[in-house]
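> okay, structure incoming, though there's no sequence with it:
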(Lines give C-alpha, C1' and ligand atoms only; values in the text may rest on other atoms or scores of the structure.)
Protein backbone atom coordinates (compact mmCIF):
# COMPACT_ATOMS: atom_id res chain seq x y z
CA UNK A 1 0.00 0.00 0.00
CA UNK A 2 1.31 3.44 -0.87
CA UNK A 3 2.38 5.93 1.80
CA UNK A 4 -0.11 8.41 0.33
CA UNK A 5 -2.98 5.95 0.83
CA UNK A 6 -1.94 5.31 4.43
CA UNK A 7 -1.81 9.05 5.12
CA UNK A 8 -5.34 9.54 3.84
CA UNK A 9 -6.54 6.66 6.03
CA UNK A 10 -4.95 8.22 9.09
CA UNK A 11 -6.62 11.58 8.43
CA UNK A 12 -10.01 10.08 7.64
CA UNK A 13 -10.06 8.00 10.82
CA UNK A 14 -10.73 11.16 12.81
CA UNK A 15 -14.31 11.37 11.47
CA UNK A 16 -15.56 7.96 12.51
CA UNK A 17 -19.35 7.76 12.73
CA UNK A 18 -19.97 4.49 14.55
CA UNK A 19 -19.67 4.34 18.30
CA UNK A 20 -20.06 1.83 21.10
CA UNK A 21 -22.42 2.74 23.86
CA UNK A 22 -25.18 1.71 26.21
CA UNK A 23 -28.85 2.09 25.29
CA UNK A 24 -30.01 2.14 28.90
CA UNK A 25 -32.61 -0.54 28.13
CA UNK A 26 -33.32 -3.51 30.39
CA UNK A 27 -32.36 -6.62 28.42
CA UNK A 28 -33.77 -9.12 30.94
CA UNK A 29 -35.17 -12.20 29.22
CA UNK A 30 -36.26 -15.66 30.35
CA UNK A 31 -34.05 -18.21 28.60
CA UNK A 32 -35.67 -20.43 25.99
CA UNK A 33 -35.25 -24.17 26.37
CA UNK A 34 -34.09 -26.88 23.95
CA UNK A 35 -31.69 -24.67 22.02
CA UNK A 36 -29.51 -25.83 19.11
CA UNK A 37 -25.89 -26.59 19.95
CA UNK A 38 -23.24 -24.05 18.97
CA UNK A 39 -21.85 -26.41 16.32
CA UNK A 40 -25.25 -27.25 14.78
CA UNK A 41 -25.41 -26.65 11.03
CA UNK A 42 -26.52 -23.22 9.82
CA UNK A 43 -28.39 -22.90 6.53
CA UNK A 44 -29.43 -19.79 4.57
CA UNK A 45 -27.41 -17.48 6.80
CA UNK A 46 -27.77 -13.73 6.47
CA UNK A 47 -31.37 -12.99 5.54
CA UNK A 48 -34.87 -12.80 6.97
CA UNK A 49 -34.90 -16.57 7.56
CA UNK A 50 -32.08 -18.76 8.93
CA UNK A 51 -32.09 -22.45 9.89
CA UNK A 52 -29.95 -23.61 12.82
CA UNK A 53 -30.09 -27.26 13.88
CA UNK A 54 -33.74 -28.30 14.19
CA UNK A 55 -35.03 -24.72 14.37
CA UNK A 56 -35.99 -22.05 11.88
CA UNK A 57 -35.32 -18.48 13.04
CA UNK A 58 -37.06 -15.69 11.16
CA UNK A 59 -38.21 -12.09 11.24
CA UNK A 60 -41.90 -12.43 12.05
CA UNK A 61 -43.18 -9.52 9.95
CA UNK A 62 -42.17 -6.32 8.20
CA UNK A 63 -42.01 -3.09 10.22
CA UNK A 64 -40.06 0.08 9.51
CA UNK A 65 -39.03 0.67 13.11
CA UNK A 66 -40.50 4.16 13.46
CA UNK A 67 -42.72 3.13 16.36
CA UNK A 68 -42.03 1.94 19.89
CA UNK A 69 -38.97 -0.32 19.84
CA UNK A 70 -38.26 -0.75 23.53
CA UNK A 71 -36.80 -4.15 24.40
CA UNK A 72 -39.44 -6.49 25.84
CA UNK A 73 -42.34 -5.10 23.84
CA UNK A 74 -43.18 -7.87 21.38
CA UNK A 75 -43.65 -6.59 17.84
CA UNK A 76 -44.75 -7.95 14.50
CA UNK A 77 -41.14 -7.32 13.43
CA UNK A 78 -39.58 -9.39 16.25
CA UNK A 79 -37.17 -12.30 15.73
CA UNK A 80 -38.91 -15.61 16.44
CA UNK A 81 -38.19 -19.32 16.09
CA UNK A 82 -40.10 -22.52 15.37
CA UNK A 83 -39.13 -26.15 14.92
CA UNK A 84 -38.53 -26.52 11.18
CA UNK A 85 -40.55 -29.73 11.07
CA UNK A 86 -43.57 -27.85 12.50
CA UNK A 87 -43.19 -24.66 10.48
CA UNK A 88 -46.33 -25.01 8.36
CA UNK A 89 -48.48 -26.85 10.90
CA UNK A 90 -51.54 -25.11 12.33
CA UNK A 91 -50.52 -26.02 15.90
CA UNK A 92 -46.91 -24.89 15.51
CA UNK A 93 -45.20 -23.31 18.49
CA UNK A 94 -43.62 -19.97 17.61
CA UNK A 95 -41.38 -18.45 20.29
CA UNK A 96 -40.03 -14.90 20.49
CA UNK A 97 -36.22 -14.76 20.65
CA UNK A 98 -35.65 -11.02 20.28
CA UNK A 99 -38.49 -8.73 21.47
CA UNK A 100 -37.35 -5.82 19.31
CA UNK A 101 -37.94 -4.83 15.68
CA UNK A 102 -35.37 -6.20 13.24
CA UNK A 103 -34.81 -3.71 10.45
CA UNK A 104 -32.22 -2.03 8.22
CA UNK A 105 -32.75 0.61 5.57
CA UNK A 106 -30.42 -0.88 2.94
CA UNK A 107 -32.18 -3.55 0.88
CA UNK A 108 -29.03 -5.65 0.40
CA UNK A 109 -28.02 -5.60 4.08
CA UNK A 110 -31.21 -6.39 5.96
CA UNK A 111 -31.37 -9.66 7.83
CA UNK A 112 -29.58 -11.44 10.63
CA UNK A 113 -26.76 -13.96 11.04
CA UNK A 114 -26.13 -16.89 13.35
CA UNK A 115 -22.51 -17.74 14.19
CA UNK A 116 -21.93 -20.43 16.81
CA UNK A 117 -24.34 -19.86 19.69
CA UNK A 118 -24.89 -16.16 18.94
CA UNK A 119 -27.36 -14.25 16.77
CA UNK A 120 -26.30 -10.92 15.24
CA UNK A 121 -28.89 -8.44 14.04
CA UNK A 122 -29.74 -4.77 13.57
CA UNK A 123 -32.57 -2.72 15.03
CA UNK A 124 -33.59 0.96 14.94
CA UNK A 125 -32.06 2.97 17.77
CA UNK A 126 -34.60 3.61 20.54
CA UNK A 127 -32.85 6.36 22.51
CA UNK A 128 -34.11 9.95 22.51
CA UNK A 129 -32.28 13.14 21.57
CA UNK A 130 -32.24 16.32 23.68
CA UNK A 131 -35.66 17.29 22.32
CA UNK A 132 -37.19 13.96 23.28
CA UNK A 133 -37.37 12.58 19.73
CA UNK A 134 -36.63 8.87 19.22
CA UNK A 135 -33.50 8.51 17.05
CA UNK A 136 -34.85 5.67 14.90
CA UNK A 137 -32.85 6.82 11.83
CA UNK A 138 -29.78 5.47 13.61
CA UNK A 139 -29.10 1.73 13.51
CA UNK A 140 -27.96 -0.44 16.41
CA UNK A 141 -25.77 -3.49 15.81
CA UNK A 142 -26.78 -6.12 18.38
CA UNK A 143 -25.96 -9.66 19.52
CA UNK A 144 -27.92 -12.20 21.59
CA UNK A 145 -27.54 -15.82 22.66
CA UNK A 146 -29.61 -18.47 20.91
CA UNK A 147 -31.74 -18.80 24.03
CA UNK A 148 -32.66 -15.09 23.93
CA UNK A 149 -30.47 -14.05 26.87
CA UNK A 150 -27.31 -11.95 26.91
CA UNK A 151 -28.49 -9.17 24.58
CA UNK A 152 -25.66 -6.73 23.90
CA UNK A 153 -25.38 -3.45 22.03
CA UNK A 154 -22.23 -3.67 19.89
CA UNK A 155 -22.26 -0.29 18.16
CA UNK A 156 -24.53 2.32 16.61
CA UNK A 157 -24.42 3.60 13.03
CA UNK A 158 -25.61 7.15 12.42
CA UNK A 159 -27.43 6.36 9.16
CA UNK A 160 -29.67 3.29 8.94
CA UNK A 161 -29.72 3.40 5.11
CA UNK A 162 -26.03 2.52 4.69
CA UNK A 163 -24.90 -0.97 3.66
CA UNK A 164 -23.33 -3.38 6.14
CA UNK A 165 -22.52 -7.05 6.66
CA UNK A 166 -21.72 -9.39 9.55
CA UNK A 167 -18.90 -11.85 8.80
CA UNK A 168 -17.12 -14.62 10.68
CA UNK A 169 -13.42 -15.37 10.19
CA UNK A 170 -11.76 -18.78 10.11
CA UNK A 171 -10.74 -18.45 13.77
CA UNK A 172 -14.32 -17.70 14.85
CA UNK A 173 -14.06 -13.92 15.21
CA UNK A 174 -17.12 -11.92 14.19
CA UNK A 175 -16.82 -8.51 12.54
CA UNK A 176 -19.11 -5.98 10.90
CA UNK A 177 -18.27 -4.25 7.63
CA UNK A 178 -20.22 -1.09 6.90
CA UNK A 179 -20.28 1.94 4.64
CA UNK A 180 -20.20 5.45 6.02
CA UNK A 181 -18.29 8.64 5.31
CA UNK A 182 -14.89 9.97 6.32
CA UNK A 183 -13.62 13.51 6.29
CA UNK A 184 -10.39 14.18 4.41
CA UNK A 185 -8.47 17.36 3.69
CA UNK A 186 -7.84 18.15 0.05
CA UNK A 187 -6.77 21.45 -1.53
CA UNK A 188 -6.91 23.09 1.86
CA UNK A 189 -10.54 22.16 2.49
CA UNK A 190 -12.21 19.35 4.41
CA UNK A 191 -14.59 17.18 2.43
CA UNK A 192 -16.67 14.07 3.09
CA UNK A 193 -15.90 10.95 1.05
CA UNK A 194 -17.29 7.39 0.99
CA UNK A 195 -15.48 5.11 3.43
CA UNK A 196 -15.58 1.51 4.67
CA UNK A 197 -15.25 0.56 8.33
CA UNK A 198 -14.88 -2.58 10.41
CA UNK A 199 -16.25 -3.25 13.91
CA UNK A 200 -15.03 -6.09 16.13
CA UNK A 201 -18.30 -7.55 17.41
CA UNK A 202 -16.67 -8.84 20.59
CA UNK A 203 -14.81 -5.72 21.69
CA UNK A 204 -16.70 -3.00 19.82
CA UNK A 205 -13.39 -1.67 18.50
CA UNK A 206 -13.91 0.19 15.23
CA UNK A 207 -11.37 0.96 12.54
CA UNK A 208 -11.32 2.56 9.13
CA UNK A 209 -10.62 0.15 6.26
CA UNK A 210 -10.45 2.68 3.42
CA UNK A 211 -11.61 6.13 2.34
CA UNK A 212 -12.16 7.63 -1.13
CA UNK A 213 -13.97 4.40 -2.01
CA UNK A 214 -15.36 4.49 -5.54
CA UNK A 215 -17.06 1.06 -5.62
CA UNK A 216 -17.29 -1.94 -3.34
CA UNK A 217 -19.06 -5.26 -2.78
CA UNK A 218 -19.84 -7.29 0.33
CA UNK A 219 -20.04 -11.08 0.10
CA UNK A 220 -23.74 -11.96 0.32
CA UNK A 221 -23.18 -15.73 0.29
CA UNK A 222 -23.14 -15.83 4.10
CA UNK A 223 -19.83 -17.67 4.13
CA UNK A 224 -17.24 -15.08 3.07
CA UNK A 225 -15.18 -12.83 5.34
CA UNK A 226 -13.77 -10.30 2.86
CA UNK A 227 -14.77 -7.09 1.12
CA UNK A 228 -13.52 -5.86 -2.27
CA UNK A 229 -13.35 -2.20 -3.24
CA UNK A 230 -11.73 0.34 -5.53
CA UNK A 231 -10.09 3.55 -4.34
CA UNK A 232 -10.03 6.78 -6.32
CA UNK A 233 -6.55 8.07 -7.10
CA UNK A 234 -5.62 11.76 -7.17
CA UNK A 235 -3.15 13.69 -9.27
CA UNK A 236 -1.48 16.98 -8.35
CA UNK A 237 -1.02 19.79 -10.88
CA UNK A 238 2.66 20.66 -11.23
CA UNK A 239 1.82 24.35 -11.76
CA UNK A 240 -0.91 24.99 -9.16
CA UNK A 241 -0.46 22.11 -6.70
CA UNK A 242 -4.19 21.39 -6.93
CA UNK A 243 -5.34 17.79 -6.41
CA UNK A 244 -8.00 16.39 -8.75
CA UNK A 245 -9.55 12.94 -9.00
CA UNK A 246 -7.96 10.65 -11.57
CA UNK A 247 -10.56 9.52 -14.12
CA UNK A 248 -8.30 7.25 -16.16
CA UNK A 249 -7.46 4.66 -13.53
CA UNK A 250 -7.98 3.54 -9.95
CA UNK A 251 -6.79 0.73 -7.65
CA UNK A 252 -8.60 -2.48 -6.61
CA UNK A 253 -8.16 -3.78 -3.04
CA UNK A 254 -9.39 -6.68 -0.93
CA UNK A 255 -9.60 -6.75 2.84
CA UNK A 256 -10.22 -9.76 5.08
CA UNK A 257 -11.91 -9.22 8.45
CA UNK A 258 -9.51 -8.85 11.36
CA UNK A 259 -6.63 -8.08 9.02
CA UNK A 260 -3.96 -5.41 9.30
CA UNK A 261 -4.52 -3.47 6.09
CA UNK A 262 -6.08 -3.81 2.61
CA UNK A 263 -4.26 -5.82 -0.06
CA UNK A 264 -3.65 -4.26 -3.47
CA UNK A 265 -5.13 -6.73 -5.94
CA UNK A 266 -4.83 -4.68 -9.12
CA UNK A 267 -3.66 -1.24 -10.14
CA UNK A 268 -5.21 0.51 -13.09
CA UNK A 269 -1.79 1.66 -14.24
CA UNK A 270 1.71 0.17 -14.32
CA UNK A 271 5.00 2.01 -14.25
CA UNK A 272 6.07 0.18 -17.38
CA UNK A 273 3.12 1.18 -19.54
CA UNK A 274 0.84 4.07 -18.61
CA UNK A 275 -1.16 3.68 -21.82
CA UNK A 276 -2.91 0.57 -20.50
CA UNK A 277 -4.77 2.52 -17.82
CA UNK A 278 -7.90 0.90 -16.41
CA UNK A 279 -10.74 2.34 -14.38
CA UNK A 280 -12.25 -0.59 -12.46
CA UNK A 281 -15.65 -1.13 -10.80
CA UNK A 282 -16.27 -3.94 -8.28
CA UNK A 283 -19.44 -5.82 -9.15
CA UNK A 284 -19.52 -8.98 -7.03
CA UNK A 285 -17.59 -10.99 -4.47
CA UNK A 286 -18.25 -14.59 -3.45
CA UNK A 287 -15.86 -16.48 -1.19
CA UNK A 288 -12.38 -15.53 -2.37
CA UNK A 289 -13.43 -14.53 -5.91
CA UNK A 290 -13.89 -10.91 -6.97
CA UNK A 291 -15.64 -9.93 -10.19
CA UNK A 292 -15.07 -6.49 -11.63
CA UNK A 293 -15.54 -4.60 -14.85
CA UNK A 294 -13.10 -2.13 -16.39
CA UNK A 295 -12.78 0.55 -19.02
CA UNK A 296 -9.61 1.75 -20.72
CA UNK A 297 -9.89 5.26 -22.15
CA UNK A 298 -6.69 5.15 -24.18
CA UNK A 299 -7.24 1.73 -25.73
CA UNK A 300 -11.02 2.01 -25.87
CA UNK A 301 -11.49 -1.35 -24.14
CA UNK A 302 -14.40 -2.47 -21.99
CA UNK A 303 -14.20 -5.78 -20.19
CA UNK A 304 -14.88 -8.08 -17.27
CA UNK A 305 -12.32 -9.79 -15.05
CA UNK A 306 -12.08 -12.10 -12.06
CA UNK A 307 -9.55 -11.73 -9.26
CA UNK A 308 -8.71 -13.53 -6.01
CA UNK A 309 -8.85 -12.06 -2.51
CA UNK A 310 -5.32 -11.41 -1.22
CA UNK A 311 -3.63 -12.16 -4.55
CA UNK A 312 -2.19 -9.90 -7.25
CA UNK A 313 -4.20 -10.09 -10.45
CA UNK A 314 -2.63 -11.24 -13.70
CA UNK A 315 -3.50 -11.01 -17.39
CA UNK A 316 -5.09 -14.46 -17.12
CA UNK A 317 -7.74 -13.00 -14.78
CA UNK A 318 -9.34 -11.05 -17.63
CA UNK A 319 -12.42 -13.01 -18.64
CA UNK A 320 -13.20 -11.11 -21.83
CA UNK A 321 -13.50 -7.79 -23.59
CA UNK A 322 -17.16 -6.88 -23.95
CA UNK A 323 -19.28 -4.50 -26.00
CA UNK A 324 -20.74 -2.86 -22.88
CA UNK A 325 -19.93 -2.56 -19.18
CA UNK A 326 -21.75 -5.43 -17.49
CA UNK A 327 -23.65 -4.84 -14.24
CA UNK A 328 -26.25 -6.62 -12.13
CA UNK A 329 -24.94 -10.08 -13.04
CA UNK A 330 -24.62 -13.23 -10.94
CA UNK A 331 -21.58 -15.50 -11.42
CA UNK A 332 -22.21 -19.17 -12.17
CA UNK A 333 -20.88 -21.66 -9.63
CA UNK A 334 -17.83 -23.71 -10.57
CA UNK A 335 -17.22 -22.19 -14.00
CA UNK A 336 -16.17 -18.96 -15.69
CA UNK A 337 -19.65 -17.81 -16.61
CA UNK A 338 -22.24 -15.26 -15.54
CA UNK A 339 -26.00 -14.82 -15.72
CA UNK A 340 -27.05 -11.37 -16.83
CA UNK A 341 -30.10 -9.47 -18.08
CA UNK A 342 -28.86 -7.73 -21.20
CA UNK A 343 -30.63 -6.13 -24.17
CA UNK A 344 -34.00 -7.65 -23.32
CA UNK A 345 -32.77 -11.18 -22.62
CA UNK A 346 -31.64 -13.23 -19.63
CA UNK A 347 -28.40 -14.77 -20.86
CA UNK A 348 -25.74 -17.14 -19.69
CA UNK A 349 -22.36 -15.91 -20.94
CA UNK A 350 -19.40 -18.29 -20.71
CA UNK A 351 -15.75 -17.25 -20.92
CA UNK A 352 -12.68 -19.15 -22.06
CA UNK A 353 -9.17 -18.06 -23.03
CA UNK A 354 -9.84 -14.38 -22.39
CA UNK A 355 -12.90 -14.18 -24.61
CA UNK A 356 -16.62 -14.98 -24.68
CA UNK A 357 -16.92 -18.60 -25.78
CA UNK A 358 -20.68 -19.06 -25.59
CA UNK A 359 -23.87 -17.01 -25.25
CA UNK A 360 -27.12 -18.73 -24.28
CA UNK A 361 -30.49 -16.99 -24.26
CA UNK A 362 -32.46 -18.45 -21.37
CA UNK A 363 -35.45 -16.13 -21.56
CA UNK A 364 -36.71 -13.16 -23.55
CA UNK A 365 -37.81 -10.43 -21.14
CA UNK A 366 -37.57 -6.71 -21.88
CA UNK A 367 -38.87 -5.60 -18.45
CA UNK A 368 -36.65 -3.95 -15.83
CA UNK A 369 -36.10 -7.11 -13.81
CA UNK A 370 -33.65 -7.71 -10.96
CA UNK A 371 -31.64 -10.93 -10.83
CA UNK A 372 -31.94 -12.19 -7.25
CA UNK A 373 -30.17 -15.49 -6.64
CA UNK A 374 -29.26 -18.93 -7.96
CA UNK A 375 -30.72 -21.78 -5.88
CA UNK A 376 -30.56 -25.57 -6.34
CA UNK A 377 -32.99 -28.09 -4.89
CA UNK A 378 -30.57 -30.95 -5.59
CA UNK A 379 -32.37 -31.93 -8.78
CA UNK A 380 -32.14 -28.73 -10.79
CA UNK A 381 -30.62 -25.25 -10.51
CA UNK A 382 -32.79 -22.18 -10.83
CA UNK A 383 -32.18 -18.49 -11.44
CA UNK A 384 -34.62 -16.32 -9.50
CA UNK A 385 -35.49 -12.79 -10.54
CA UNK A 386 -38.04 -10.20 -9.43
CA UNK A 387 -40.27 -7.61 -11.07
CA UNK A 388 -42.42 -5.16 -9.09
CA UNK A 389 -42.18 -7.26 -5.92
CA UNK A 390 -43.15 -10.55 -7.59
CA UNK A 391 -40.65 -13.43 -7.88
CA UNK A 392 -40.08 -15.64 -10.93
CA UNK A 393 -37.62 -18.36 -11.85
CA UNK A 394 -36.09 -20.16 -14.81
CA UNK A 395 -34.02 -23.31 -15.07
CA UNK A 396 -30.36 -22.42 -15.66
CA UNK A 397 -29.89 -25.34 -18.06
CA UNK A 398 -32.76 -24.60 -20.45
CA UNK A 399 -32.78 -22.17 -23.38
CA UNK A 400 -35.66 -20.05 -24.73
CA UNK A 401 -37.96 -21.14 -21.91
CA UNK A 402 -41.06 -19.65 -20.32
CA UNK A 403 -40.88 -17.91 -16.97
CA UNK A 404 -42.59 -19.33 -13.90
CA UNK A 405 -44.14 -17.18 -11.18
CA UNK A 406 -43.23 -18.81 -7.87
CA UNK A 407 -45.08 -16.72 -5.23
CA UNK A 408 -48.76 -15.98 -4.71
CA UNK A 409 -48.24 -12.54 -3.24
CA UNK A 410 -46.04 -9.45 -3.51
CA UNK A 411 -43.02 -8.60 -1.38
CA UNK A 412 -44.29 -6.15 1.24
CA UNK A 413 -40.92 -4.79 2.26
CA UNK A 414 -38.76 -2.31 0.40
CA UNK A 415 -35.86 -2.91 2.80
CA UNK A 416 -35.25 -6.62 2.31
CA UNK A 417 -35.07 -9.28 -0.40
CA UNK A 418 -36.58 -12.73 -0.82
CA UNK A 419 -35.05 -15.64 1.08
CA UNK A 420 -34.86 -19.33 0.19
CA UNK A 421 -34.63 -22.81 1.68
CA UNK A 422 -35.13 -26.36 0.40
CA UNK A 423 -37.96 -28.56 1.64
CA UNK A 424 -38.27 -32.31 1.14
CA UNK A 425 -35.60 -34.74 -0.03
CA UNK A 426 -34.53 -36.50 -3.22
CA UNK A 427 -37.00 -36.23 -6.07
CA UNK A 428 -39.48 -34.56 -3.73
CA UNK A 429 -37.12 -31.70 -2.86
CA UNK A 430 -38.38 -28.22 -3.73
CA UNK A 431 -37.25 -24.65 -3.18
CA UNK A 432 -39.32 -22.68 -0.70
CA UNK A 433 -39.39 -18.89 -0.99
CA UNK A 434 -39.72 -16.85 2.21
CA UNK A 435 -40.99 -13.28 1.98
CA UNK A 436 -43.20 -10.64 3.58
CA UNK A 437 -46.52 -11.02 1.77
CA UNK A 438 -48.48 -7.90 0.83
CA UNK A 439 -51.04 -9.50 -1.47
CA UNK A 440 -54.40 -7.73 -1.64
CA UNK A 441 -56.09 -11.14 -1.44
CA UNK A 442 -54.31 -11.85 1.84
CA UNK A 443 -56.12 -10.72 5.01
CA UNK A 444 -52.95 -10.38 7.10
CA UNK A 445 -50.36 -8.31 5.26
CA UNK A 446 -46.65 -7.93 6.00
CA UNK A 447 -46.28 -11.24 7.82
CA UNK A 448 -43.68 -13.78 6.76
CA UNK A 449 -44.93 -16.37 4.27
CA UNK A 450 -43.41 -19.52 2.79
CA UNK A 451 -44.39 -20.31 -0.80
CA UNK A 452 -43.39 -23.57 -2.51
CA UNK A 453 -43.62 -23.94 -6.28
CA UNK A 454 -43.77 -27.67 -7.02
CA UNK A 455 -45.76 -30.36 -8.79
CA UNK A 456 -49.09 -31.31 -7.21
CA UNK A 457 -50.92 -34.65 -7.18
CA UNK A 458 -51.93 -34.10 -10.81
CA UNK A 459 -48.25 -33.69 -11.74
CA UNK A 460 -48.77 -30.02 -12.55
CA UNK A 461 -46.86 -27.12 -11.04
CA UNK A 462 -48.72 -25.15 -8.41
CA UNK A 463 -47.90 -22.70 -5.60
CA UNK A 464 -48.50 -23.75 -2.01
CA UNK A 465 -48.58 -20.67 0.24
CA UNK A 466 -48.47 -20.66 4.04
CA UNK A 467 -48.12 -17.89 6.62
CA UNK A 468 -45.43 -18.79 9.14
CA UNK A 469 -45.35 -15.43 10.93
CA UNK A 470 -47.06 -15.10 14.32
CA UNK A 471 -50.21 -12.93 14.34
CA UNK A 472 -50.71 -10.01 16.69
CA UNK A 473 -53.62 -10.09 19.15
CA UNK A 474 -55.82 -7.93 16.92
CA UNK A 475 -55.14 -10.00 13.80
CA UNK A 476 -55.80 -13.20 15.75
CA UNK A 477 -59.22 -11.87 16.76
CA UNK A 478 -59.90 -11.03 13.10
CA UNK A 479 -58.82 -14.52 12.06
CA UNK A 480 -61.19 -16.15 14.53
CA UNK A 481 -64.04 -13.84 13.52
CA UNK A 482 -63.53 -14.70 9.86
CA UNK A 483 -63.21 -18.43 10.44
CA UNK A 484 -59.49 -18.47 9.67
CA UNK A 485 -58.18 -21.44 11.65
CA UNK A 486 -54.57 -21.39 10.45
CA UNK A 487 -53.59 -19.55 13.63
CA UNK A 488 -55.02 -22.19 15.96
CA UNK A 489 -52.66 -23.11 18.75
CA UNK A 490 -50.30 -20.21 18.00
CA UNK A 491 -49.88 -17.72 20.85
CA UNK A 492 -50.49 -14.19 19.61
CA UNK A 493 -48.16 -11.23 19.79
CA UNK A 494 -49.51 -8.10 21.50
CA UNK A 495 -50.20 -5.21 19.15
CA UNK A 496 -47.96 -2.16 19.53
CA UNK A 497 -50.70 -0.14 21.19
CA UNK A 498 -52.03 -3.00 23.32
CA UNK A 499 -51.64 -2.52 27.06
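Nice, I can see it. The model shown is predicted, which means the values in this text are computed figures rather than measured ones.
> okay, the residue of the chain positioned farthest from its centre: pLDDT?
In terms of distance from the mean C-alpha position of the chain, residue 239 ranks first, at 46.1 Å (C-alpha atoms, centre = their mean). Among the per-residue scores, residue 239 shows a pLDDT of 80.
> what about residue 69, helix or strand, and which?
Using DSSP states H and E, residue 69 falls within no helix or strand.
> from what I can see it touches residue 101, true?
Yes: shown here, residue 69 and residue 101 form a contact pair, counting by C-beta atoms under 8 Å, at 5.0 Å. In short, each C-beta sits where N, CA and C put it, glycine included.
> so these two - more neighbours on which side?
Taking other C-beta atoms under 10 Å, residue 69 and residue 101 do not tie; residue 101 has more neighbours (28 against 23).
> quick one: low-confidence parts of the stretch 101-250 of the chain?
Applying pLDDT under 70 to the stretch 101-250 of the chain flags no residue at all.
> run the last query once more with 80
Counting by pLDDT under 80, the ranges of the stretch 101-250 of the chain that qualify are 108, 110, 221-223, 237-238.
> how about the helices in it?
Using DSSP state H, counting those that start in this stretch, no helices are assigned anywhere in the stretch 101-250 of the chain.
> and residue 85, helix, strand or coil?
Three-state call for residue 85 (DSSP: H, G, I helix; E, B strand; the rest coil): helix.
> tell me how many other residues crowd it.
11.
> how close does it get to residue 44?
Look at residue 85 and residue 44: by C-beta to C-beta, to the nearest Å, they are 16 Å apart.
> what's next to stretch 373-383, contact-wise?
330, 332-333, 339, 346, 362, 371, 384, 393-397, 418, 420, 422, 425-427, 429-431 (C-beta atoms under 8 Å, 6 or more residues apart in numbering).
> I'd like the average pLDDT over it.
95.
> domains in this structure, by residue range?
Domain ranges of the chain: 1-17+183-196+208-327, 335-468, per automatic domain parsing.
> quick one: the shortest one to chain centroid distance?
Okay, so that is domain 335-468. 17 Å (C-alpha atoms, centre = their mean, to the nearest Å).
> do the same with the longest one
Here the centre of domain 1-17+183-196+208-327 is set off from its chain's centre by 21 Å, with C-alpha atoms, centre = their mean.
> and the closest residue to residue 388 other than its chain neighbours, how many neighbours?
For residue 388, ignoring the flanking residues on the chain, the nearest one in space by C-beta to C-beta, 6 or more residues apart in numbering is residue 410 at 7.4 Å. Residue 410 has 18 neighbours, counted by other C-beta under 10 Å.
> now swap in the one 4 residues further on and tell me
Residue 414 is flanked by 11 other residues according to other C-beta under 10 Å.
> over to the one 10 residues further on?
A total of 14 residues lie near residue 424 under the criterion other C-beta under 10 Å.
> residue 430 is in contact with that one, correct?
Yes: applying C-beta under 8 Å as the test, residue 424 and residue 430 come out as touching, 5.6 Å apart.
> which ones are touching the residue nearest to residue 388?
Counting by C-beta under 8 Å, 6+ apart, residue 410 touches 388-390, 437-439.
> out of these, which are buried?
Buried members of those, scored by 16 or more other C-beta atoms under 10 Å, are 389-390, 437-439.
> how about those residues in CSV, adding distance to residue 35?
Output for these, formatted as CSV (distance: C-beta to C-beta, whole Å):
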residue, distance to residue 35
389, 35
390, 36
437, 29
438, 32
439, 34
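> mind listing which of these are in strands?
residue 390 (DSSP state E).
> and the buried ones among the contacts of residue 410 as TSV, adding pLDDT and distance to residue 265?
Shown next, in TSV, are the buried ones among the contacts of residue 410 (pLDDT from 0 to 100; distance: C-beta to C-beta, whole Å):
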residue	pLDDT	distance to residue 265
389	91	37
390	94	38
437	88	42
438	73	42
439	60	45
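> got the buried residues for stretch 207-223?
For stretch 207-223, a neighbour-count test (16+ other C-beta under 10 Å) marks 208-220, 222 as buried.
> closest to residue 163 among these?
residue 218 (6.6 Å; C-beta to C-beta).
> which residue packs closest to the closest one, ignoring adjacent ones?
residue 165 (4.1 Å).
> and the nearest residue to residue 354 once chain neighbours are set aside, how many neighbours?
Nearest non-adjacent residue to residue 354, counting by C-beta to C-beta, 6+ apart: residue 318, 5.5 Å away. The tally of other residues near residue 318 (other C-beta under 10 Å) stands at 19.
> pLDDT weak spots in the stretch 351-499 of the chain?
In the stretch 351-499 of the chain (pLDDT under 80), the answer is 414, 438-445, 472-499.
> just to revisit the earlier point, so who does the residue nearest to residue 218 touch?
Residue 165 makes contact with 46, 109, 176-178, 218-220, 227, according to C-beta under 8 Å, 6+ apart.
> mind putting the buried residues of stretch 207-223 in JSON lines, distance to residue 303 included?
As requested, the buried residues of stretch 207-223 are exported to JSON lines (distance: C-beta to C-beta, whole Å):
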{"residue": "208", "distance to residue 303": "31"}
{"residue": "209", "distance to residue 303": "27"}
{"residue": "210", "distance to residue 303": "24"}
{"residue": "211", "distance to residue 303": "27"}
{"residue": "212", "distance to residue 303": "24"}
{"residue": "213", "distance to residue 303": "22"}
{"residue": "214", "distance to residue 303": "17"}
{"residue": "215", "distance to residue 303": "15"}
{"residue": "216", "distance to residue 303": "20"}
{"residue": "217", "distance to residue 303": "17"}
{"residue": "218", "distance to residue 303": "23"}
{"residue": "219", "distance to residue 303": "23"}
{"residue": "220", "distance to residue 303": "24"}
{"residue": "222", "distance to residue 303": "29"}
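> now, the most widely separated pair of those residues?
It's 212 and 222 that sit farthest apart of the buried residues of stretch 207-223, by C-beta to C-beta, at 28.8 Å.
> can you say which of the contacts of stretch 373-383 are buried?
Using 16+ other C-beta under 10 Å, the buried members of the contacts of stretch 373-383 are 330, 332, 339, 346, 362, 371, 384, 393-394, 396, 418, 420, 422, 430-431.
> any idea how far the residue nearest to residue 236 when sequence neighbours are not counted lies from residue 451?
Leaving aside its sequence neighbours, residue 236 sits nearest to residue 243 (C-beta to C-beta, 6+ apart; 5.3 Å). Distance, residue 243 to residue 451, using C-beta to C-beta: 54 Å.
> need the contact list for the nearest residue to residue 194 once chain neighbours are set aside.
Spatial nearest neighbour of residue 194, excluding adjacent residues (C-beta to C-beta, 6+ apart): residue 213 at 4.5 Å. By C-beta under 8 Å, 6+ apart, the contact set of residue 213 is 179, 193-196, 229-232.
> could you rerun that using 6 Å?
Residue 213 makes contact with 194, 196, 229, according to C-beta atoms under 6 Å, 6 or more residues apart in numbering.
> can you pick the most crowded of the residues you listed?
Within the contacts of residue 213, residue 229 tops the neighbour count with 29 neighbours, counted by other C-beta under 10 Å.
> doesn't residue 216 make contact with it?
Yes: using C-beta atoms under 6 Å, residue 229 is in contact with residue 216, at 3.6 Å.
> burial count for residue 399?
Residue neighbour count, defined by other C-beta under 10 Å, stands at 12 for residue 399.
> do I have it right that it meets residue 360?
Yes: counting by C-beta under 6 Å, residue 399 touches residue 360, with 5.4 Å between them.
> adding distance to residue 306, write the contacts of residue 410 out as TSV.
Shown next, in TSV, are those (distance: C-beta to C-beta, whole Å):
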residue	distance to residue 306
388	32
389	32
390	32
437	38
438	38
439	40
